[in-house]
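**Student:** quick one, fold the following:
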Amino acid sequence: MSEYIHTEEFMNWVKGVTILKITKDGAVDYVKSKMQTFVNDLKHKVKDDDEHFKRFLTKVTVDGRVKKRHLNKHGGAFKYKIDSTCPNCNDMFEILQDNLDDSYKYVRWNCHDSSTTICPANYGWVLSKIYISYNIDSSLGPKDVDPLSVFSLMTLCTLFAAVKVIVVCLITLRNKLMHSKDNHLSAKDLEEAFENSKIFLLHTDVAPTSTNAVKQLESLKQKKIIAVGVDADCHELVRNALVLKKQCLENDMKVAKNEGNPVDGFENMLRNTTTDIVKETQKVYEVERRKTEEIQDLKMELDRKKKDLEFEQNEKQKAKNLIAKALEKERELDIRNNETKANNTRLLQKIQYLEEERLRSMELTENLRQEFAMVKEQLDQVRAQNQDLGLFGTCVASATAGGMLGGMTTGVPGAMVGAAIGPVVGVASATIKQYRTQRQ
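**Tutor:** All right, here's what the predicted structure looks like:
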């Protein structure tokens, strides 16, 4: 197979086997549903007594109590009988036998693995195995068996008569795929496989349980399979197809041996298939290894970028902190500037007030000078008229002048100077007037 692994025919074969697997899984869901209904009908015979029904299934599928009874002493036609004294068990057994298709040649009544407990959860599958025409592993569940097991069940049990014709087509497809020596399938056969699978899954009896299988089938039809060592999913699809072929070949070899037929052809195909599985497993491993390395590289790159981002974020945070400090400093400076402006305003107001006071003081000083000049002039007149009072006038003048000058040099307001010399001048004036009156 390996030399053809990249051909279109091989890819068609892989798709064909995948179609078979999807269809078988959809059929399993259908069989489960149908057989559960059958179980419920049978249980009515024993009034839905689970323990009684469990004993019946044990008699039929484990204990070997079903025997072949010929209808006449010469052999030929026969029927199966169950060794049981329970009338209900005998009735249920007859129903099982009545549902055998006329083409059924061999019935495996002892079909259940005794190590697996019979319980309500597996009643349907235990019954289903009775209708499988060849020796499957009795421990396998419905999801694990060869597709032929499920398909043959539907052809040999009359409960599935409605889909028997299309199921026969699916069995033909299974054998064509599993017995192919070169694992090739033409485009025409692939299209026919898609069509037959779709007809089965969309059948009115099957459709209620096949929604998921139909979706998978449509997805597969659109999928491009390229097994060139770059897509692990495609290699896994190829590997799964080969594993299913190996399982089917092993089952077919058992049947051939049981029937006394040669198995050389099966052995050669099985050997080649096993080799191809190993190769495909290695390819899957190699692709996965490369993917793991790529993921590790991406992770390292991601870690590096994460560190760079953290460094950048730290730097940005530092810058934000510096900006915050600068803004805080600016706010402090603004507060200080505002305080300085307020202080300057108050100082300017004080300077303006002092300047106004100085101007008023100068004005008062000028007024005092003028008053002093007038007083001095009056004193000079008095001095001239009254020589006898010269000493007194001199004293008064000296006192007055001293007060004036003291006010000017010390910065004492004019009002205070006036208050100081006013009484002196008044006394002097009164004395002068009195003296003048006495002389007259």
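
**Student:** not counting its neighbours along the chain, what's nearest Asp101?
**Tutor:** Leu156 (4.7 Å; Cβ to Cβ, 6 or more residues apart in numbering). (C-beta placed from N, C-alpha, C; glycine too.)

**Student:** for that neighbour, give its distance to Leu57.
**Tutor:** 19 Å (Cβ to Cβ, to the nearest Å).

**Student:** repeat for Met154
**Tutor:** For Met154, the distance to Leu57 equals 21 Å [Cβ to Cβ].

**Student:** excluding its backbone neighbours, what's nearest Ala256?
**Tutor:** Nearest to Ala256 is Val263, by Cβ to Cβ, 6+ apart, at 4.9 Å.

**Student:** neighbours around that neighbour, how many?
**Tutor:** 15 (other Cβ atoms under 10 Å).

**Student:** quick one, phi/psi of it?
**Tutor:** Main-chain dihedrals, Val263, degrees, to the nearest 10: phi -120, psi 10.

**Student:** what segments of the stretch 251-400 of the chain are strands?
**Tutor:** For the stretch 251-400 of the chain, applying DSSP state E, counting those that start in this stretch gives no strands.

**Student:** residue ranges in it under the pLDDT threshold?
**Tutor:** By pLDDT under 70, the low-scoring segments of the stretch 251-400 of the chain are 387-400.

**Student:** try it again with 80
**Tutor:** 283-285, 287-288, 386-400 (pLDDT under 80).

**Student:** centre of the chain to the strand or helix carrying Gln36, how far?
**Tutor:** Gln36 belongs to helix 8-43 when assigned by DSSP states H and E. Remark: helix 8-43 is offset 34 Å from the chain centroid, using Cα atoms, centre = their mean, to the nearest Å.

**Student:** buried ones in the helix or strand following it, by neighbour count?
**Tutor:** Where DSSP H and E defines the elements, the next helix or strand beyond helix 8-43 is helix 50-61. By neighbour count with 16 or more other Cβ atoms under 10 Å, helix 50-61 contains the buried residues His52, Phe53, Lys54, Arg55, Phe56, Leu57, Lys59, Val60, Thr61.

**Student:** how about stretch 316-326?
**Tutor:** For stretch 316-326, it's none, nothing buried (16+ other Cβ under 10 Å).

**Student:** grab the CA positions of stretch 304-319 and hand them over as CSV.
**Tutor:** Written as CSV, here are the backbone C-alpha positions of stretch 304-319 (Å, rounded to 0.1, in the frame of the first residue of the first chain):
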residue,chain,number,x,y,z
ARG,A,304,9.4,36.2,25.4
LYS,A,305,6.8,38.5,24.1
LYS,A,306,5.0,38.3,27.5
LYS,A,307,8.2,39.4,29.2
ASP,A,308,8.7,42.2,26.7
LEU,A,309,5.1,43.2,27.3
GLU,A,310,5.6,43.1,31.1
PHE,A,311,8.8,45.2,30.7
GLU,A,312,7.0,47.7,28.5
GLN,A,313,4.1,47.8,31.0
ASN,A,314,6.6,48.4,33.8
GLU,A,315,8.3,51.1,31.9
LYS,A,316,4.9,52.7,31.1
GLN,A,317,4.0,52.4,34.8
LYS,A,318,7.3,54.1,35.7
ALA,A,319,6.5,56.9,33.2
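
**Student:** make 39 the first number, not 1, from now on.
**Tutor:** I'll keep to 39 as the first residue from here, and by that count the last item is stretch 342-357.

**Student:** export the buried residues of helix 88-99 to a markdown table and tack on pLDDT and distance to Gln254?
**Tutor:** Listed next are these as a markdown table, based on pLDDT from 0 to 100; distance: Cβ to Cβ, whole Å:
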| residue | pLDDT | distance to Gln254 |
| --- | --- | --- |
| His90 | 92 | 40 |
| Phe91 | 93 | 35 |
| Lys92 | 93 | 35 |
| Arg93 | 93 | 40 |
| Phe94 | 93 | 37 |
| Leu95 | 93 | 33 |
| Lys97 | 93 | 39 |
| Val98 | 91 | 35 |
| Thr99 | 91 | 32 |
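
**Student:** as JSON lines, these with distance to Leu347 would be great.
**Tutor:** Below are the buried residues of helix 88-99 laid out as JSON lines (distance: Cβ to Cβ, whole Å):
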{"residue": "His90", "distance to Leu347": "70"}
{"residue": "Phe91", "distance to Leu347": "66"}
{"residue": "Lys92", "distance to Leu347": "65"}
{"residue": "Arg93", "distance to Leu347": "70"}
{"residue": "Phe94", "distance to Leu347": "70"}
{"residue": "Leu95", "distance to Leu347": "65"}
{"residue": "Lys97", "distance to Leu347": "72"}
{"residue": "Val98", "distance to Leu347": "69"}
{"residue": "Thr99", "distance to Leu347": "65"}
